[in-house]
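Enquirer: no FASTA, just this:
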């Protein structure tokens, strides 16, 4: 799984799961040692001494966090009819419910129960609020984009940025090396047509753009792009379930235009339709 696909809400979920694991080793109850009695040999039980509490609170919370994170890597996967993320969120709420009533029912709750309750609340809150709160949907790690200012899809490219992998200066289709023409634009007067050599350059160099494009000037030219936030990639057959998720900070190849969307190819070779192209960064 690409770590850049994680959001801030996922970071809250992971942190809460770590705290839950630590709390499982702490005392479930506290006590006051009577005066004159040596209580150093008394060990208060922890969650690992109570199987029911361990499974229904601490391990249930950790499993819930794992399901939520895995759902980011494999969107659309379901367990008994529920999406993995939804199943994990429900399990985290169950952990909060159990530990809350355990504290209410008992007396002298120890650090293990109190810290477990706080971690379970944070876990459930992160699981439920992440799809709803924009601040939690932001990427956990900032994407390291290519050098220079990147134009948005459909905008004017900057000098020095050509088609191809970001950061690699390449001759653009029908233009000067290091310059890029917008998709569908005609060459300006005085510019050589695709396949014609540049003035003062050998014939082999002038024919390089034509060999690279292999298409007329009006056809779609593949380009690299990155998404500002995680976005689903749907199958080319029109299936409503996403086949992958495009993560910020990773470059993908746009191979075809389909209506307002793009046919994108992931790094593992899967192809699908990116329906929302708003604000994508071209390389």
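Expert: Ah, there it is. A quick note: this is a predicted structure, and the numbers were derived from the prediction, not measured.
Enquirer: in the protein, which spans are helices?
Expert: Counting by DSSP state H, the segments of the chain that form helices are 8-23, 51-53, 59-73, 84-105, 111-129, 134-137, 203-206, 208-213.
Enquirer: buried sites along the second one?
Expert: Within helix 51-53, the residues that count as buried by 16 or more other CB atoms under 10 Å are residue 53. The C-beta positions use only the backbone N, C-alpha and C, and glycine is treated the same way.
Enquirer: re earlier: indicate which one of the helices of the chain is closest to residue 280.
Expert: Between residue 280 and the helices of the chain, the shortest separation by CB to CB is 16.8 Å, and it involves helix 134-137.
Enquirer: which parts of that closest one are buried?
Expert: Along helix 134-137, these residues count as buried under the neighbour rule (16+ other CB under 10 Å): 136-137.
Enquirer: for it, name the packing helices and strands.
Expert: Counting by 3 or more CB pairs under 8 Å, 6 or more residues apart in numbering; DSSP states H and E, the packing neighbours recorded for helix 134-137 are helix 8-23.
Enquirer: so for the helix it packs on, mean pLDDT?
Expert: The pLDDT scores in helix 8-23 average 94.
Enquirer: distance from the chain centre to it, please.
Expert: The offset between the C-alpha centroid of helix 8-23 and the centroid of the whole chain comes to 17 Å, using CA atoms, centre = their mean, to the nearest Å.
Enquirer: quick one: contacts of that helix?
Expert: Counting contacts by CB atoms under 8 Å, 6 or more residues apart in numbering, the residues outside helix 8-23 that touch it are 6, 47, 57-58, 61-62, 64-66, 68-69, 72, 95, 111-113, 115-116, 118-120, 122-123, 125-127, 129-131, 133, 135-140.
Enquirer: check what pLDDT the nearest residue to residue 5 once chain neighbours are set aside gets.
Expert: In space, residue 5 comes closest to residue 247 once its chain neighbours are excluded; the distance is 3.3 Å by CB to CB, 6 or more residues apart in numbering. At residue 247 the predicted local distance difference test score is 87.
Enquirer: so where's the stretch 101-250 of the chain uncertain?
Expert: Per-residue confidence for the stretch 101-250 of the chain (pLDDT under 70) gives these ranges: 142-218.
Enquirer: tell me the phi and psi of the most far-flung residue of the chain relative to its centre?
Expert: Computed with CA atoms, centre = their mean, the maximum C-alpha offset from the centroid of the chain is found at residue 36, amounting to 58.4 Å. Backbone torsions of residue 36, given as degrees, to the nearest 10, read phi 90, psi 0.
Enquirer: one more: the one 5 residues further on?
Expert: As for residue 41, its main-chain torsions (degrees, to the nearest 10) stand at phi -90, psi 0.
Enquirer: that one and residue 66, how far apart?
Expert: Here the criterion is CB to CB, to the nearest Å. By it, residue 41 lies 38 Å from residue 66.
Enquirer: comparing these two, which residue is more hemmed in?
Expert: In this comparison of residue 41 against residue 66, neighbours counted by other CB atoms under 10 Å, the higher total goes to residue 66 at 16 against 5.
Enquirer: contacting residues around residue 243?
Expert: 76, 233-235, 270, 272.
Enquirer: nearest residue to residue 67 in space, ignoring adjacent ones along the chain?
Expert: Once flanking residues are discounted, residue 67 sits nearest to residue 88: 3.3 Å by CB to CB, 6+ apart.
Enquirer: so who does the one you found touch?
Expert: With CB under 8 Å, 6+ apart as the criterion, the residues that contact residue 88 are 63-68, 71, 127.
Enquirer: which residue is nearest the middle of this structure?
Expert: Central residue check for the chain by CA atoms, centre = their mean: the C-alpha nearest the mean position is that of residue 5, 1.7 Å away.
Enquirer: surely that one and residue 245 touch.
Expert: Yes. The pair residue 5 and residue 245 qualifies as a contact (CB atoms under 8 Å) at a distance of 6.4 Å.
Enquirer: got any residues that touch both of the two?
Expert: Taking CB under 8 Å, 6+ apart as the contact definition, residue 5 and residue 245 share the neighbouring residues 72-73, 230.
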